[in-house]
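J.: Predicted model and sequence follow; I will ask about them next.
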Amino acid sequence: MLKLHEKSGDDTVALMADIGRRARAAARPLAVASTEAKNDALIAMAEAILRNEQSILEANAIDMSNGEDAGLSGSFMDRLKLTPARIEAMADGIREIAALKDPVGDVIAEWDRPNGLHIERVRTPLGVIGVIYESRPNVTADAGALCLKAGNPVILRGGSDSLNSSAAIHACMVEGLTAAGLPQDAIQLVPTTDRTAVGEMLKGLSGNLDVIIPRGGKSLVGRVQTEARVPVFAHLEGICHLYIDRSADLDMAVKIAVNAKMRRTGVCGAAETLLVDRAVAATHLVPILEALRDAGCEIHADAEVMEAFVDASPATDADWVTEYLDAIIAVKLVDGVAGAIEHIETFSSHHTEAIVAEDAKVVERFFNEIDSAILLHNASTQFADGGEFGMGAEIGIATGKMHARGPVGVEQLTSFKYRVRGSGQVRP
């Protein structure tokens, strides 16, 4: 089990410098590790997690108790909570990552030049990755496994609220590394709640950190984007929209709306705004809102919606830019797909948007004109997840446009280099 570092200030600076050096030292052996060795480590990690289920649950119980004492919100507590089913899903996710094709060494493209040179673009590890996250202890397993598969050492800095849970999971990850003969420093968990540790990571740990991935609330991500001196894969917030078109099948629309909002309200792919085509307000609006209300959802509605559905609260300007992460949804009538696109492009965080429609031309316009990382047709926004995309797991959903966008899986955790093969050519 991880030993908690209880000192702060200069001691934390020295601690983080050492963690950075050890991660960099692990980078080369990990970059050249065989696929077999990495997969053996991952399988051993999954087995260790299942074998140590009880100790992980006991550690999580401490975090949950502390969270209750601290008055954490219901959605925050849901993200923090581990159950036997969630632990099994964590292990399954690691096994799925092991089953993925190893991206390292993959030839992305190759071509021949008229002078006889043969050029290849080949995937390589990114380097040392820092992941800063809040509440979700499963990120410890997901991030550690994904970075390992892509040949990257990782430094994990979880939230103080989940430190006990993350430490129990991290111990299983180290057990897997040891079993496969890989460096234990390939996956390190920052053993302190001192905020100085985050500041040191944002500075780059004296050049030993190559990229940072923040996963958490708006304030955390904002701080990382503002202060980081190394590249950032940003996931700002999930202000996700669901649009019900006039061509939508009503039963499908009801089913998708309830799932998109209520399956798990605390995930970034939960729908936060529902847009309904004004042309079907008389037929589709009330059944959808009744289903949401009956599922326990609080509805914040614009004036037109309030006239048709009185069991709602008036929406304010803030509702259109709020990631609730709770059983609350903002609802508005719009003038067809053009109105939906206008609203989404004005208020979206460019994370995930979905359309329910049978009109192929409307769907095509929605897909072409909306610039968000993930777009779905006739499917719940809750599918915005690396595991559901067949990536095994994800570190987060990147909403930026540089390097990685959408679910950040093993391929997104690689860079590339060029290999050029000649037969004695010299440049004239």
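T.: It's in.
J.: Kindly provide the distance from the spatially closest residue to Asp210 that is not a sequence neighbour to Gly400.
T.: The shortest distance from Asp210 to any residue other than its chain neighbours is 3.3 Å, reached at Gly127 (CB to CB, 6 or more residues apart in numbering). Every C-beta, even on glycine, is put in place using the N, C-alpha and C of the backbone. When distance is defined by CB to CB, to the nearest Å, Gly127 is 19 Å away from Gly400.
J.: do the same with Ala99
T.: 29 Å.
J.: Just want to know which of the two has more residues nearby.
T.: Gly400 (16 against 12; other CB atoms under 10 Å).
J.: Report the secondary structure state of that one.
T.: For Gly400, the assignment made with DSSP: H, G, I helix; E, B strand; the rest coil gives coil.
J.: Might you report the residue contacts of it?
T.: 232-234 (CB atoms under 8 Å, 6 or more residues apart in numbering).
J.: again, 10 Å this time
T.: By CB atoms under 10 Å, 6 or more residues apart in numbering, the contact list for Gly400 reads 225, 231-236, 350, 373.
J.: repeat for Thr381
T.: Contacts of Thr381 (CB under 10 Å, 6+ apart): 238, 240-242, 256-257, 259-261, 263, 267-272, 351-354, 374-375.
J.: Try it again at 7 Å.
T.: The contact partners of Thr381, taken as CB atoms under 7 Å, 6 or more residues apart in numbering, are 240, 242, 260, 269-271, 352, 354.
J.: Would you format those residues as TSV with pLDDT included?
T.: Putting the contacts of Thr381 into TSV (pLDDT from 0 to 100) gives the following:
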residue	pLDDT
Cys240	97
Leu242	98
Ala260	98
Gly269	93
Ala270	96
Ala271	98
Thr352	96
Ala354	98
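J.: Looking at these, which is nearest Ile108?
T.: Nearest to Ile108 among the contacts of Thr381 is Thr352, at 26.6 Å by CB to CB.
J.: what about that closest one, neighbour count?
T.: Thr352 has 30 neighbours, counted by other CB under 10 Å.
J.: Pairing partners for it in the sheet, please.
T.: Residues in a beta bridge with Thr352, per DSSP bridges, are Ile374.
J.: same check, this time on Thr273
T.: Applying DSSP bridges, one finds that Thr273 bridges with His241, Ala330.
J.: right, and it touches Gly238 too?
T.: No: contact criterion CB atoms under 7 Å: Thr273 and Gly238 do not qualify, at 11.0 Å.
J.: With just CA atoms, put stretch 281-300 into CSV.
T.: Once non-C-alpha atoms are left out, stretch 281-300 reads as follows in CSV (Å, rounded to 0.1, in the frame of the first residue of the first chain):
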residue,chain,number,x,y,z
ALA,A,281,-44.1,20.4,-29.4
ALA,A,282,-47.8,19.3,-29.4
THR,A,283,-46.9,15.6,-29.8
HIS,A,284,-43.4,15.0,-28.4
LEU,A,285,-42.7,17.5,-25.7
VAL,A,286,-45.0,16.5,-22.9
PRO,A,287,-44.5,12.7,-23.2
ILE,A,288,-40.7,13.2,-23.0
LEU,A,289,-40.9,15.6,-20.1
GLU,A,290,-43.3,13.4,-18.2
ALA,A,291,-40.9,10.5,-18.6
LEU,A,292,-38.0,12.6,-17.3
ARG,A,293,-40.1,13.8,-14.4
ASP,A,294,-41.2,10.3,-13.5
ALA,A,295,-37.6,9.2,-13.5
GLY,A,296,-36.8,11.9,-10.9
CYS,A,297,-35.5,14.6,-13.1
GLU,A,298,-35.9,18.3,-12.3
ILE,A,299,-36.8,20.3,-15.4
HIS,A,300,-35.8,23.9,-16.0
